[in-house]
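Chemist: Kindly return the folded structure for what I paste below:
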Amino acid sequence: MRILIHDFGAYAFPVTLSHSLQNRGHEVAHAYCDSLVTTPRNVHDNISGLALLPIETAQTFNKYNLIRRWGQEREYGHLAAKVILKFNPDVVISANAPLSAQDRILRTCKRHDIPFVFWLQDLIGLAASKVLRSKLPLLAPVIGRYFRSMEGRLLRESNAVVAITEDFRPALQGFGVAPNRCHVIENWGVLEKPTNEPTTWARQHNLGDRPILLYAGTLSMKHNPAILVRLAEKFEERAQVVVVSQGAGAAWLTQAIETYNLVNLVVLPYQDPNQLPAMYSSAEVLLVLLTEDAGQFSVPSKILTYLCAKRPVLAAIPAKNLGARILESSGAGFVTAPNDHTDFIQKAEVLLGAPELRQTMGEKAEAWATTNFEIGRITDRFEHVIQQACL
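Modeler: Down below sits the predicted model:
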């Protein structure tokens, strides 16, 4: 079967699915957006035998200019549709795409009788309503209804929907998606062997010998980066808060470093994928942030990546979020309320002061990831969805 997997965000874990499907005899192409700044480039250009289809818009995506972004999303949808038709797949699985782009992709598939699987990573309509409430308070209700209506239509028209958490089922039911078309397959992390030299990456970036509290990945204002400033202020010379990110949140933190003279808060750009195991191994604690509102429509995928790094996780995220439930059930870290800076800092103090606890949590994280991220079982479930979608 010819399968095209489209992941707008160019994340690492969907590539492992493409690999696994190809290893089972399918002819697989992996398409992704090659015009992003704030998403790490984890899709490698030297993957043997896998057809990689980068999709590049005329300009780098502008996430923060809503009008320009809307135009770029439409441009991207047009380009993605051309890529799909050129490959001529038997089925398309599409994840992380902006709704206007996803709309174009779905309409192209329907016109050419190509079954379409909506891989639902976030409830974008709900997210738009929440985010725009502060930026465009008068227009937010209207725009929010528009996006929710579009998202519902796209989900209903898809041949199958793969949601990443059971928490999305009520929304799917509310959108009127047929239950027999809805499937839940949780995301996974990419299991990579941690480096045996945990200080190598830190030395390369002149981070010295102080313990590192690391935040790595997308950082927008929905992640509440102010808590990282509080963390740095508290620890002063005792530890370093290192943030590996780009975009609005990273820029805000860079300004905060100057404003508050925070010598122990360091902001670095996204790192080469080959450096990620060494980067994670350099940290004593890995950090996750998500506001209460964002917890309703998003699951922090970085938690899954962190679990593979054999390091304890400290997460300021809503207790009902899937990420929080994973950390609690696995014993891989601590969870605090998103706005409880005091508890977050206290938990960081506990972890830095207890190397044996860090070791135990890191081992539990690795054990949970090894058990749950077995790509063969995950591929079995996706093949079942593909079969259902193609009926």
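Chemist: So G77 sits against L99, correct?
Modeler: No. At 9.4 Å, G77 does not count as touching L99 under the criterion of C-beta atoms under 8 Å. (C-beta placed from N, C-alpha, C; glycine too.)
Chemist: between those two, which one's more packed in?
Modeler: G77 (23 against 19; other C-beta atoms under 10 Å).
Chemist: Which residue, other than its chain neighbours, is closest to the more buried one?
Modeler: Spatial nearest neighbour of G77, chain neighbours left out: R104 (3.0 Å); criterion: C-beta to C-beta, 6 or more residues apart in numbering.
Chemist: who touches the one you found in this structure?
Modeler: R74, G77, H78, A80, A81 (C-beta atoms under 8 Å, 6 or more residues apart in numbering).
Chemist: so where do the strands sit in the stretch 151-300 of the chain?
Modeler: Remark: strands of the stretch 151-300 of the chain, listed N- to C-terminal, are 160-163, 182-184, 212-216, 240-244, 265-268, 285-289; assignment by DSSP state E, counting those that start in this stretch.
Chemist: Throw those strands into JSON lines and include distance to G333, mean pLDDT and mean neighbour count, thanks.
Modeler: As requested, the strands of the stretch 151-300 of the chain are exported to JSON lines (distance: least, C-beta to C-beta, whole Å; pLDDT from 0 to 100; neighbours: other C-beta atoms under 10 Å):
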{"stretch": "strand 160-163", "distance to G333": "24", "mean pLDDT": "98", "mean neighbour count": "23"}
{"stretch": "strand 182-184", "distance to G333": "23", "mean pLDDT": "98", "mean neighbour count": "18"}
{"stretch": "strand 212-216", "distance to G333": "12", "mean pLDDT": "97", "mean neighbour count": "25"}
{"stretch": "strand 240-244", "distance to G333": "17", "mean pLDDT": "97", "mean neighbour count": "24"}
{"stretch": "strand 265-268", "distance to G333": "21", "mean pLDDT": "97", "mean neighbour count": "20"}
{"stretch": "strand 285-289", "distance to G333": "8", "mean pLDDT": "96", "mean neighbour count": "25"}
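Chemist: And those: which comes nearest A332?
Modeler: strand 285-289 (9.7 Å; C-beta to C-beta).
Chemist: who touches that closest one?
Modeler: Counting by C-beta under 8 Å, 6+ apart, 211-216, 219, 223-225, 227-228, 280, 300, 302-303, 306, 309, 311-317, 323, 333, 338, 348, 351-352, 358 sit against strand 285-289.
Chemist: That strand vs strand 240-244, what angle?
Modeler: 60 degrees (axes from the mean of the first three to the mean of the last three C-alpha atoms, to 10 degrees).
Chemist: what residues does the lengthiest helix in the chain touch?
Modeler: Of all segments of type helix in the chain, defined using DSSP state H, the longest is helix 66-87. Helix 66-87 is contacted from outside by 2, 4, 6, 8, 29, 31, 33, 35, 51, 53, 55-59, 61-63, 92, 97-105, 107-109, 112, 114, 135, using C-beta under 8 Å, 6+ apart.
Chemist: same thing but at 7 Å, please
Modeler: Contact partners of helix 66-87, identified using C-beta atoms under 7 Å, 6 or more residues apart in numbering, comprise 4, 6, 29, 31, 33, 53, 55, 57-58, 61-63, 92, 98, 100-101, 103-105, 108, 112.
Chemist: what does stretch 207-226 give?
Modeler: 38-39, 131, 202, 228, 231, 239-245, 247-250, 252-253, 266, 279, 282-287, 289-291, 294, 302, 338, 348, 352.
Chemist: Pull out the buried residues from these.
Modeler: Listed as buried from the contacts of stretch 207-226 are 38-39, 131, 202, 228, 231, 239-245, 247-250, 252-253, 266, 279, 282-287, 289-291, 294, 302, 338, 348, 352; burial here means 16 or more other C-beta atoms under 10 Å.
Chemist: correct me, but S18 touches V28?
Modeler: Yes. Under the criterion of C-beta atoms under 7 Å, S18 makes contact with V28 at 4.9 Å.
Chemist: Give the residue spans of the stretch 51-200 of the chain that score low on pLDDT.
Modeler: The model of the stretch 51-200 of the chain has pLDDT under 70 over residues 64, 66, 127-140, 193-196.
Chemist: Go again with 90.
Modeler: Along the stretch 51-200 of the chain, the model assigns pLDDT under 90 to residues 60-71, 123-147, 190-200.
Chemist: Turn the strands of the stretch 151-300 of the chain into a markdown table, columns for distance to S329.
Modeler: Listed next are the strands of the stretch 151-300 of the chain as a markdown table, based on distance: least, C-beta to C-beta, whole Å:
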| stretch | distance to S329 |
| --- | --- |
| strand 160-163 | 19 |
| strand 182-184 | 16 |
| strand 212-216 | 23 |
| strand 240-244 | 27 |
| strand 265-268 | 32 |
| strand 285-289 | 16 |
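Chemist: mind checking which of those is nearest P198?
Modeler: Using C-beta to C-beta, the strands of the stretch 151-300 of the chain put strand 212-216 closest to P198, at 9.7 Å.
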